[in-house]
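A.B. asks: The sequence and its predicted three-dimensional model are supplied below.
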Amino acid sequence: MKKYSKILLIALLAVICFLGCKKLNKDKDLIVSESQEELFFGELPIAYSAVSHLAYLENLYDDNSYKFNLMSLPAGPDIVASLRGSGKETAEAGSIAVTPVVYLASAGYNPIVLATTITSNHRVRIFTTRSTKISENYENLKGKKIGVVLGTVGEIYLSRLLAKHSLSEKDVVRVNGKPAELKRLVLSGDIEAAVLWDPFITQAKKEYKEGIKIEKYQDRGQGEVLLDSTLYTLAFNIVTTKEKLRNNRDELVEMLEDLIKASELIKENKTGSQRKLEQWLNLEAGDLDDFMNTTNFEVYLNTSLMEEWIESEYTWLKGLKPEIVLPKDYSVFIDESLLKEIDETRVK
């Protein structure tokens, strides 16, 4: 009897050991997973984010040594706020134009442009209606309520448009808001025009036309989209801060490699890429035709040109805020070394 009891005890100990080891391995795997580096990336749900979001749709971020976390934020100032923050779930990097970069720098932070993903001089436009007569003469902007997302390309575009026609910010009523809110205000007639981009421009055209039919909106004449392509060249960029670059350099290099792959996918299959982006933005097939045909999709960094753009917008911002001190060196806001590490030919 003692012999059988001894055998049973040994068997029981073996089972306990097996289960314990299995749990230990499971816990070890969990610890490895929890200790994996993470990268939080701030992205806008707009057409400008085509390259970074296509990389997400194509699962290009999945095979990296870090965990990629996509943060969808409503407007450029929200990306800026996230880059300024520290701690859990603030962005280590984000995709923004030059204007938010300058706002970030002027606030005493240290933004760093790592690469440009798209460029175009057709991407900032105004939605209005025929009744405003703005399309007849831009001088008719005077006295109008104009929706604009302050701290973004919309602000500098409007400023340059006004200056070109001998007007200033004091000649209009600027209404600040998120793009979706500005779209709602211009459709309802609470403001006369709004400086927007896709998908909001495309949505505004359709919703205004359909809204008139069902008497949701007052008929104020045909909806119009206005563009002066001489005013602004959009450069949408991958941006981090000096501190976050120091702490996340390897992860950011991997991310740039994924973005390059995504830009090449767009070139190889523009039609397929366009449809995926339209579906993401809840647009119909063909809605992004103009965007795809007037935008350059290339992950690169033109250092001298980027310095010129930053200096130009810094000077503009100082005109609005005289207390701002202009930097002596604009190259401190650019780091070409990450892209050079991947492919030197992408740095110009």
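C.D. replies: Nice, thanks for sending it over. Not measured: the values here are computed from a predicted model. Residues are numbered from 1 along each chain as shown.

A.B. asks: For this protein, which segments count as helices?
C.D. replies: Under the criterion DSSP state H, the chain contains helices at 2-35, 50-57, 76-84, 98-106, 153-164, 179-188, 200-213, 242-268, 270-280, 289-293, 303-320, 337-342.

A.B. asks: can you redo these as a markdown table with mean neighbour count and distance to Lys67?
C.D. replies: Glycine gets a C-beta too; all of them are placed from N, C-alpha and C. Below are these laid out as a markdown table (neighbours: other C-beta atoms under 10 Å; distance: least, C-beta to C-beta, whole Å):
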| stretch | mean neighbour count | distance to Lys67 |
| --- | --- | --- |
| helix 2-35 | 9 | 9 |
| helix 50-57 | 23 | 13 |
| helix 76-84 | 22 | 17 |
| helix 98-106 | 25 | 25 |
| helix 153-164 | 21 | 31 |
| helix 179-188 | 20 | 29 |
| helix 200-213 | 18 | 31 |
| helix 242-268 | 18 | 9 |
| helix 270-280 | 17 | 21 |
| helix 289-293 | 17 | 31 |
| helix 303-320 | 17 | 30 |
| helix 337-342 | 17 | 19 |
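
A.B. asks: Any chance of the ones you listed in JSON lines with mean pLDDT and distance to Asp171 as columns?
C.D. replies: Below are these laid out as JSON lines (pLDDT from 0 to 100; distance: least, C-beta to C-beta, whole Å):
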{"stretch": "helix 2-35", "mean pLDDT": "44", "distance to Asp171": "57"}
{"stretch": "helix 50-57", "mean pLDDT": "98", "distance to Asp171": "35"}
{"stretch": "helix 76-84", "mean pLDDT": "95", "distance to Asp171": "24"}
{"stretch": "helix 98-106", "mean pLDDT": "97", "distance to Asp171": "21"}
{"stretch": "helix 153-164", "mean pLDDT": "98", "distance to Asp171": "7"}
{"stretch": "helix 179-188", "mean pLDDT": "98", "distance to Asp171": "19"}
{"stretch": "helix 200-213", "mean pLDDT": "97", "distance to Asp171": "24"}
{"stretch": "helix 242-268", "mean pLDDT": "97", "distance to Asp171": "39"}
{"stretch": "helix 270-280", "mean pLDDT": "98", "distance to Asp171": "37"}
{"stretch": "helix 289-293", "mean pLDDT": "98", "distance to Asp171": "30"}
{"stretch": "helix 303-320", "mean pLDDT": "98", "distance to Asp171": "14"}
{"stretch": "helix 337-342", "mean pLDDT": "98", "distance to Asp171": "42"}
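
A.B. asks: mind checking which of these is nearest Asp228?
C.D. replies: helix 153-164 (6.2 Å; C-beta to C-beta).

A.B. asks: on that earlier part again, of the helices of the chain, which is nearest Gly221?
C.D. replies: Gly221 sits nearest to helix 200-213 of all these, at 9.9 Å, using C-beta to C-beta.

A.B. asks: can you list the residues that contact that closest one?
C.D. replies: Identification of contacts with helix 200-213 by C-beta atoms under 8 Å, 6 or more residues apart in numbering yields 46, 125, 127, 129, 179-180, 182-183, 186-187, 194, 196, 216-219, 223, 225, 283, 287-288.

A.B. asks: what's the answer for stretch 47-60, then?
C.D. replies: 41, 43, 61, 68, 70, 95, 97, 117-118, 123, 197-199, 234, 236, 238, 258-259, 261-263, 265-266, 273, 276-277, 280-281, 288, 291, 295, 297, 299.

A.B. asks: quick one on the thing from earlier: could the helices of the chain be laid out in a markdown table, adding distance to Asp329?
C.D. replies: Below are the helices of the chain laid out as a markdown table (distance: least, C-beta to C-beta, whole Å):
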| stretch | distance to Asp329 |
| --- | --- |
| helix 2-35 | 39 |
| helix 50-57 | 28 |
| helix 76-84 | 21 |
| helix 98-106 | 12 |
| helix 153-164 | 22 |
| helix 179-188 | 34 |
| helix 200-213 | 36 |
| helix 242-268 | 14 |
| helix 270-280 | 37 |
| helix 289-293 | 35 |
| helix 303-320 | 9 |
| helix 337-342 | 17 |
